[in-house]
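Peer 1: no sequence on hand, only this structure:
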């Protein structure tokens, strides 16, 4: 096996390599980390792209290679008014959810929105939210990584087919579901029965602590990403709220916000510029770990959406830089909303 020049795994050097040179590096990584190289591929999204490879570990987990880079992360909007950050449509959505439609004045909704956006107190609320709920700017060195392509769920463990067939209570639930045309039954923090490829399967809920999850990940030779690494994986150093800009793009098909009737896949659930499925659902938050502290990125458990705050407020939590400073993880993981992604940092060879 050829040795790897570690500096070639960092941008801008990596980007300047020929396709053959990149393939040689990626082939060597597969050998070093005992993974199967599935394919080479260039992933593109939001005006950014990366030529990389997909790998499969011996446990059957798919990874992609993400080159390292010294990059500025976080955003700083201090001194900028909301009207200088968002377009007219997004500003109106930010205001609309705070309009009392049952107000018995003769004003139209459009007039009420305009009045709200001229209210200095409301404008200050937007400014405070932006300045207090997004990570601050910092230039940091991100090391090259092998990153799990999809996140993993927590707390749920598969039930064997034999155990499922022998449990009369579960079989009764399945029989009832079949009669009613239902393909999934979930009893909160207990059992999940679901139909896939015409067969029924089951998962049992097992309460798990953050520390136990981390230890299990470490025992298998992996790590959890830190906040800044996760921000890079989602935004690749974007200087805006979202990887595509500051405004919600209403041409997108988004989960929980289906204003289009087309049959396209959900826009944010497609592979991003690193080939990752990441930051696409504000209900699904990912666990990150910084210097002994667990926290979340990528979602708020759906709090903004459930609170009726609409698409712009509702999707702020999928921003690379969103931080819910009021969130406390506690000791135990919430298996309905908490997910994790394994990474391998390639610091030196």
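Peer 2: Okay, I see it. Just so it is clear, the structure is predicted and the values come from calculations on it, not from any experiment. Residues are numbered from 1 along each chain as shown.
Peer 1: residues near residue 219, how many?
Peer 2: Using other C-beta atoms under 10 Å, residue 219 has 8 neighbouring residues. Glycine gets a C-beta too; all of them are placed from N, C-alpha and C.
Peer 1: give me the local confidence score for it.
Peer 2: What the model reports for residue 219 is a pLDDT of 97.
Peer 1: what are the bridge partners for residue 187, then?
Peer 2: residue 191 (DSSP bridges).
Peer 1: how much space separates it from residue 169?
Peer 2: From residue 187 over to residue 169 the distance is 10 Å, taken as C-beta to C-beta, to the nearest Å.
Peer 1: swap in residue 154?
Peer 2: The spacing between residue 154 and residue 169, counted by C-beta to C-beta, is 25 Å.
Peer 1: so residue 212 belongs to a helix, correct?
Peer 2: Yes: applying DSSP: H, G, I helix; E, B strand; the rest coil, one finds residue 212 inside a helix.
Peer 1: and the gap between it and residue 161?
Peer 2: 27 Å.
Peer 1: nearest spatial neighbour of residue 155, skipping sequence neighbours?
Peer 2: Nearest residue to residue 155, sequence neighbours excluded (C-beta to C-beta, 6 or more residues apart in numbering): residue 335, at 2.9 Å.
Peer 1: show me what contacts that neighbour?
Peer 2: Residue 335 is in contact with 153-156, 189, 205, 208, counting by C-beta atoms under 8 Å, 6 or more residues apart in numbering.
Peer 1: so which of residue 154 and residue 169 has more stuff around it?
Peer 2: Higher neighbour count among residue 154 and residue 169: residue 154, with 19 against 8, using other C-beta under 10 Å.
Peer 1: would you agree the more buried one is in contact with residue 340?
Peer 2: Yes: in this structure, residue 154 is within contact of residue 340 by C-beta atoms under 8 Å, at 6.3 Å.
Peer 1: who touches both of these two?
Peer 2: Joint contacts of residue 154 and residue 340 (C-beta under 8 Å, 6+ apart) are 213, 287.
Peer 1: give the contact list for residue 241.
Peer 2: Neighbour list for residue 241: 75, 85, 134, 316, 319, 321 [criterion: C-beta under 8 Å, 6+ apart].
Peer 1: nearest to residue 178, of these?
Peer 2: If you rank the contacts of residue 241 by distance to residue 178 using C-beta to C-beta, residue 316 comes first, at 40.5 Å.
Peer 1: for that closest one, give me the backbone phi and psi.
Peer 2: Main-chain dihedrals, residue 316, degrees, to the nearest 10: phi -50, psi -40.
Peer 1: now do the contacts for the residue nearest to it when sequence neighbours are not counted.
Peer 2: Residue nearest to residue 316 in three dimensions, not counting chain neighbours: residue 322, with 5.6 Å by C-beta to C-beta, 6+ apart. Counting by C-beta under 8 Å, 6+ apart, residue 322 touches 133-135, 297-298, 300, 316.
Peer 1: residue 322 and residue 242: what is the separation?
Peer 2: From residue 322 to residue 242 the distance is 10 Å (C-beta to C-beta).
Peer 1: buried set for the helix or strand of the chain with the lowest mean pLDDT?
Peer 2: Using mean pLDDT, DSSP states H and E, the weakest-scoring helix or strand in the chain turns out to be helix 303-306, at a mean of 88. For helix 303-306, the buried set under the neighbour-count rule, 16 or more other C-beta atoms under 10 Å, comprises 303-305.
Peer 1: counting contacts, what elements does the next helix or strand after that helix pack onto?
Peer 2: Tracing the chain C-terminally past helix 303-306 and defining elements by DSSP states H and E, one meets helix 310-315 next. Applying 3 or more C-beta pairs under 8 Å, 6 or more residues apart in numbering; DSSP states H and E, we find helix 310-315 packed against helix 88-96, helix 303-306.
Peer 1: how about residue 78: what's its closest non-neighbour residue?
Peer 2: Once flanking residues are discounted, residue 78 sits nearest to residue 131: 5.9 Å by C-beta to C-beta, 6+ apart.
Peer 1: pull the number of nearby residues for the spatially closest residue to residue 85 that is not a sequence neighbour.
Peer 2: For residue 85, ignoring the flanking residues on the chain, the nearest one in space by C-beta to C-beta, 6+ apart is residue 246 at 5.2 Å. Burial of residue 246 is recorded as 19 neighbouring residues (other C-beta under 10 Å).
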